[in-house]
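S.K.: Sequence plus predicted model, see below.
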Amino acid sequence: MFTCKKILAVLDPSSEKQPALLRAINMAEKTAASIIVFTCIYDKSYDMTAVLSSDERFNMKKAMMEHEQLKVEALVRSIDSAVDMKIVIAWQKKLHESVIDSCNEYACDLIIKATQKHGLLSSTLFTANDWHILRKSVVNVLLVKSQEWPEHAQIIASIGVSAQDGDHIYLSDQIAETATQMSALLSSNVHLVNSFPGAPVQIAVEVPNFSPEVYNKSVKDRHVNKMKKLGSKFKIDDSHIHVLEGLPEDIIPEMCKKYEASLLVIGSVGRKGLSAALLGNTAELVIDAIDCDTMVVKAN
């Protein structure tokens, strides 16, 4: 069963609907977690020191925060739930910094935030704040859309088995474990998906007696064996293990569409220093191309 003790549910002050909070409550009711109901506000006029006096700035900030507090309190009261919820109102220019700081301050182990919808293409639009949160968070992040997960939803777990280093091996286990825990929580089905690049065309031309078919079969067999071992560890049937030739940024979105996935579980290896700001090119390309909820698993 998916377990978390404290969830940071990030509200959107400009929206009447709060899918992140509803998703957090749904999960908290099944895991006995508590929720930090978090919202961040700021008004650019606060910076106009040449126009507003210090007292006027103080009073404006106080009034806006009190108004937001009352609004969020009314929202929480309107929801019929026994979940323990604490309201936190932050005054900060940069939402992503405030989210990360509050997550650390309140020792949350999951961040849930709503994503926006792009009307023209009807696909998920990840904002700059979404990307910053995904890159800098040290806990798992769930980005949600407005619709509810259907009963017996499909979960796609993006698994990499090529890397031999400990961090990536551990991350694959964490992704599979998180996906299976979420499936138990939501009565869903898990599909483990892996891809591998086919033999480069130039090798087939330049190297005598080289068989791309034999090469690709050999690579696929190795990936399938590793995937089946992982699936066996988490009791995932072989029929739900998929190894396909191609790039993950192409294969994963295709599989999400094929199975009408409600959730994609994908991983991000924690780093230090400059590279800590990078989620990873492949992960970002995959996330940007799918149209379902996304759980980013952080292995630190």
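M.R.: Received the coordinates, thanks.

S.K.: all helices of this protein, in order?
M.R.: 19-31, 54-77, 95-105, 128-136, 166-186, 201-206, 212-233, 248-258, 281-289 (DSSP state H).

S.K.: Most tightly packed of those helices?
M.R.: Highest mean neighbour count of those: helix 19-31, a mean of 21 (counted as mean count of other C-beta atoms under 10 Å). (Glycine included, C-beta is placed from N, CA and C.)

S.K.: now that helix: how far from the chain's centre is it?
M.R.: Centroid separation for helix 19-31 versus its chain: 15 Å, with C-alpha atoms, centre = their mean, to the nearest Å.

S.K.: repeat for stretch 50-61
M.R.: 39 Å.

S.K.: Contacts for that stretch, please.
M.R.: 43, 45-46, 49, 91 (C-beta atoms under 8 Å, 6 or more residues apart in numbering).

S.K.: Single out whichever of these has the smallest pLDDT.
M.R.: When those are sorted by pLDDT, the bottom entry is T49 at 72.

S.K.: Can you tell me the closest non-neighbouring residue to that one?
M.R.: R57 (7.4 Å; C-beta to C-beta, 6 or more residues apart in numbering).

S.K.: just to revisit the earlier point, for ChimeraX, what selects the buried ones among the contacts of stretch 50-61?
M.R.: Remark: buried members of those, expressed as a ChimeraX selection using 16 or more other C-beta atoms under 10 Å:
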select :46
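
S.K.: which one of the contacts of stretch 50-61 sits closest to E148?
M.R.: Relative to E148, the closest of the contacts of stretch 50-61 is W91; by C-beta to C-beta it sits at 32.3 Å.

S.K.: bridging residues for that closest one?
M.R.: Here W91 sits in beta bridges with I41, going by DSSP bridges.

S.K.: measure it to V243 for me?
M.R.: 49 Å (C-beta to C-beta, to the nearest Å).

S.K.: Equivalent analysis for D250, please.
M.R.: From D250 to V243 the distance is 14 Å (C-beta to C-beta).

S.K.: Low-confidence stretches in the protein?
M.R.: 1-2, 116-126, 146, 163-167, 201-208, 269-281, 300 (pLDDT under 70).

S.K.: per the record, what domains does it have?
M.R.: 1-145, 149-300 (automatic domain parsing).

S.K.: Show me what K86 is bridged to.
M.R.: With DSSP bridges as the rule, K86 is bridged to I36.

S.K.: swap in S268?
M.R.: Residues in beta-bridge contact with S268 (DSSP bridges): K298.

S.K.: That one: neighbouring residues, count only.
M.R.: Residues lying near S268 (other C-beta atoms under 10 Å) number 23.

S.K.: returning to that earlier point: distance to L11 added to the contacts of stretch 50-61, as JSON lines?
M.R.: Formatted as JSON lines, the contacts of stretch 50-61 follow (distance: C-beta to C-beta, whole Å):
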{"residue": "D43", "distance to L11": "17"}
{"residue": "S45", "distance to L11": "22"}
{"residue": "Y46", "distance to L11": "20"}
{"residue": "T49", "distance to L11": "29"}
{"residue": "W91", "distance to L11": "14"}
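
S.K.: now could you export just the CA positions of stretch 15-26 as PDB?
M.R.: Coordinates of each C-alpha in stretch 15-26 appear next as PDB, following Å, rounded to 0.1, in the frame of the first residue of the first chain:
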ATOM      1  CA  SER A  15      -8.700  29.000  -9.600                       C
ATOM      2  CA  GLU A  16     -12.000  27.900  -8.100                       C
ATOM      3  CA  LYS A  17     -11.300  24.200  -8.700                       C
ATOM      4  CA  GLN A  18      -8.500  22.700  -6.600                       C
ATOM      5  CA  PRO A  19      -7.800  19.200  -8.000                       C
ATOM      6  CA  ALA A  20      -4.500  19.000  -6.100                       C
ATOM      7  CA  LEU A  21      -6.300  19.200  -2.800                       C
ATOM      8  CA  LEU A  22      -9.000  16.800  -3.800                       C
ATOM      9  CA  ARG A  23      -6.400  14.300  -5.000                       C
ATOM     10  CA  ALA A  24      -4.500  14.800  -1.700                       C
ATOM     11  CA  ILE A  25      -7.600  14.200   0.400                       C
ATOM     12  CA  ASN A  26      -8.400  11.100  -1.600                       C
END
